[in-house]
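Could you look at this predicted model? Sequence included:
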Amino acid sequence: TWKMDSFVERTIEEIKEKVGDGKVLLALSGGVDSSVAAGLLSRAIGKQLTCVFVDHGLLRKDEGNQVESVFGENGNFDLNFIRVNAADRYYAKLKGVEEPEKKRKIIGEEFIRIFEEEAKKIGAVDFLAQGTIYPDVVESGLGGESAVIKSHHNVGGLPDFVDFKEIIEPLRDLFKDEVRKAGLELGIPEDLVYRQPFPGPGLGIRIIGEVNAKKVQIVQDADAIYREEVDKAAKEWKAQHNNENPSWKPDQYFAALTNMRSVGVMGDERTYDYAVALRAVKTIDFMTAEAAEIPFEVLQTVMSRIINEVKGINRVFYDLTSKPPGTIEME
Ligand code: XMP
């Protein structure tokens, strides 16, 4: 990987030269791109970098703490890390809102507002850093994960209210696999470097209809069980098959909370609880997708664990829909 070695080292030198003794601000989402950008900038300029991580309370289970454990005070990087725990603010804004695009808009706007507040506290910076990668730059319209995600992206784009002089985008020339390689080299943990795509509005669009704290917790718990079992089964399969991935290994998989409640029995009790939908897709470009053929035994294990371990769910569905006509997310 001489090319990547030289990318990381060369880019660190370039950042040092460009930034000098200036200050840099980065919105860190915990996704691959912004994390690798943070890692590079940290190695180059240390505490001249401030990362603002907005935890909107719509992340996957424990994800906020994982991001903090990597980039926070006791993490692997030298930088200023600001975590904003904004769950209550988001839940208040989302109260009573059912329409998917309206939820996206609220979540996006709240992010901008919070980022703006934090930026004001920090004061003028010299550079605003972004984790833009090559597919974002070309915006070919041919798809590609980043282009797709970008086209979905929340309102606004660049926060033009932040007081900065210049943009710095250290990953502009890289494809996703190169970003991942750079991330590993920088010492970013593998589970973060290889994490599956996660939408900006997070669980906000994986809870069909109104979002609230209780629903968030239910879907987080169900989703954590689902991912754990799928990962475990894929790993076991791999170990038995010359380290090859099973054909059913999904490119994106998650649990979503349907807004439907139905009747069940638990012991002698009648229940009237939520139904969770399990989604798993095989896709190359996220423009089209097919349901992954997760082995039935794996799905059964997931079902029984979710029913037994997650209070508030009494029914589990598997989503077989292709894209098109379905979308990958349910909202
Ligand atoms: P759909 O549901 O449109 O998803 O088939 C295609 C890919 O885009 C992601 N996605 C989003 N990403 N903000 C994002 O950052 C969004 O609002 C959004 N909606 C969908 C989705 O997770 C999938 O990878």
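Great, that's in hand.

contacts and neighbour counts: CA atoms only from here.
Fine.

In the chain, which helix is the longest?
helix 213-240 (DSSP state H).

Report all helices and strands that that one contacts.
On a contact count with 3 or more Cα pairs under 8 Å, 6 or more residues apart in numbering; DSSP states H and E, helix 213-240 meets strand 252-266, strand 269-282, helix 296-309.

I would like the residues contacting the longest one, please.
Yep, that's strand 252-266 we're talking about. The contact list for strand 252-266 (Cα atoms under 8 Å, 6 or more residues apart in numbering) reads 196-197, 203, 206-209, 215, 218-219, 222-223, 226-227, 270-282, 314-315, 330.

Flag every residue of the stretch 201-331 of the chain that's near the ligand.
201, 286, 327-329 (Cα under 6 Å from any ligand atom).

and the gap between residue 272 and the ligand?
Distance, residue 272 to the ligand, by Cα to the nearest ligand atom, to the nearest Å: 29 Å.

number of nearby residues for the closest residue in space to that residue that isn't next to it in sequence?
Distance criterion Cα to Cα, 6 or more residues apart in numbering; nearest residue to residue 272, sequence neighbours excluded, is residue 263 at 4.5 Å. Residue 263 is flanked by 12 other residues according to other Cα atoms under 10 Å.

start the count at 375, not 1, going forward
Taking 375 as the first residue, the last one we looked at is residue 637.

pLDDT weak spots in this structure?
Within the chain, the stretches with pLDDT under 70 are 375-379, 513-534.

would you list every one of the strands in it?
398-401, 423-429, 454-459, 501-503, 540-542, 626-640, 643-656, 664-665, 687-692 (DSSP state E).

what about the shortest one, distance to the chain center?
This means strand 664-665. Relative to the mean C-alpha coordinate of its chain, strand 664-665 is positioned 21 Å out (Cα atoms, centre = their mean, to the nearest Å).

swap in the third one?
The offset between the C-alpha centroid of strand 454-459 and the centroid of the whole chain comes to 17 Å, using Cα atoms, centre = their mean.

now do the last one
Its chain's average C-alpha position is 24 Å from that of strand 687-692, according to Cα atoms, centre = their mean.

How about that strand, which residues are buried there?
Using 16 or more other Cα atoms under 10 Å as the test for burial, strand 687-692 gives 687-690.

Quickly name whichever of these is closest to residue 432.
Of all those, the one with the least separation from residue 432 (Cα to Cα) is residue 687, at 18.7 Å.

dump the residue contacts of residue 587.
residue 465.

at 10 Å what do you get?
The contact partners of residue 587, by Cα atoms under 10 Å, 6 or more residues apart in numbering, come to 431-432, 461-462, 464-466.

Now the most centrally placed residue in the chain: phi and psi?
By Cα atoms, centre = their mean, the chain has its centre lying nearest to residue 572, at 3.3 Å. Phi and psi for residue 572, reported as degrees, to the nearest 10, are phi -130, psi 130.

Show me this structure divided up by domain.
376-571, 580-692 (automatic domain parsing).

you'd agree residue 678 is up against residue 691?
No. In this structure, residue 678 is not within contact of residue 691 by Cα atoms under 10 Å, at 11.9 Å.

related to what we said a few turns ago, pull out the buried members of the residues of the stretch 575-705 of the chain next to the ligand.
Buried among those by 16+ other Cα under 10 Å: 575, 660, 702.

how about the helices and strands packed on helix 587-614 in a markdown table, adding distance to residue 499?
Output for these, formatted as a markdown table (distance: least, Cα to Cα, whole Å):
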| stretch | distance to residue 499 |
| --- | --- |
| strand 626-640 | 37 |
| strand 643-656 | 42 |
| helix 670-683 | 47 |
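
Deepest in the core, which of these is it.
With neighbours defined as mean count of other Cα atoms under 10 Å, the helices and strands packed on helix 587-614 peak in mean count at strand 643-656, which reaches a mean of 20.

Who are the packing partners of it?
When contacts are defined as 3 or more Cα pairs under 10 Å, 6 or more residues apart in numbering; DSSP states H and E, strand 643-656 packs onto helix 587-614, strand 626-640, strand 664-665, helix 670-683, strand 687-692.

Please tell me how far the residue nearest to residue 646 sits from the ligand.
29 Å.

Residue 384 now?
Residue 384 is 30 Å from the ligand, by Cα to the nearest ligand atom.

and if you look at residue 383?
30 Å.

Quick one: residues contacting that residue.
Going by Cα under 10 Å, 6+ apart, the list of residues near residue 383 reads 414, 417-418.

which of the residues you listed has the most neighbours?
residue 414 (24 neighbours).

and the residue lying closest to that one once chain neighbours are set aside, how many neighbours does it have?
Distances taken as Cα to Cα, 6+ apart put residue 386 closest to residue 414, at 6.3 Å, once the chain neighbours are dropped. Neighbour count of residue 386, defined by other Cα under 10 Å: 20.

Now do the same contact list for residue 386.
380, 392, 413-419, 544.

okay, the residues you listed in JSON lines with distance to residue 553 next?
Formatted as JSON lines, these follow (distance: Cα to Cα, whole Å):
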{"residue": "380", "distance to residue 553": "13"}
{"residue": "392", "distance to residue 553": "21"}
{"residue": "413", "distance to residue 553": "11"}
{"residue": "414", "distance to residue 553": "11"}
{"residue": "415", "distance to residue 553": "14"}
{"residue": "416", "distance to residue 553": "16"}
{"residue": "417", "distance to residue 553": "16"}
{"residue": "418", "distance to residue 553": "17"}
{"residue": "419", "distance to residue 553": "19"}
{"residue": "544", "distance to residue 553": "10"}
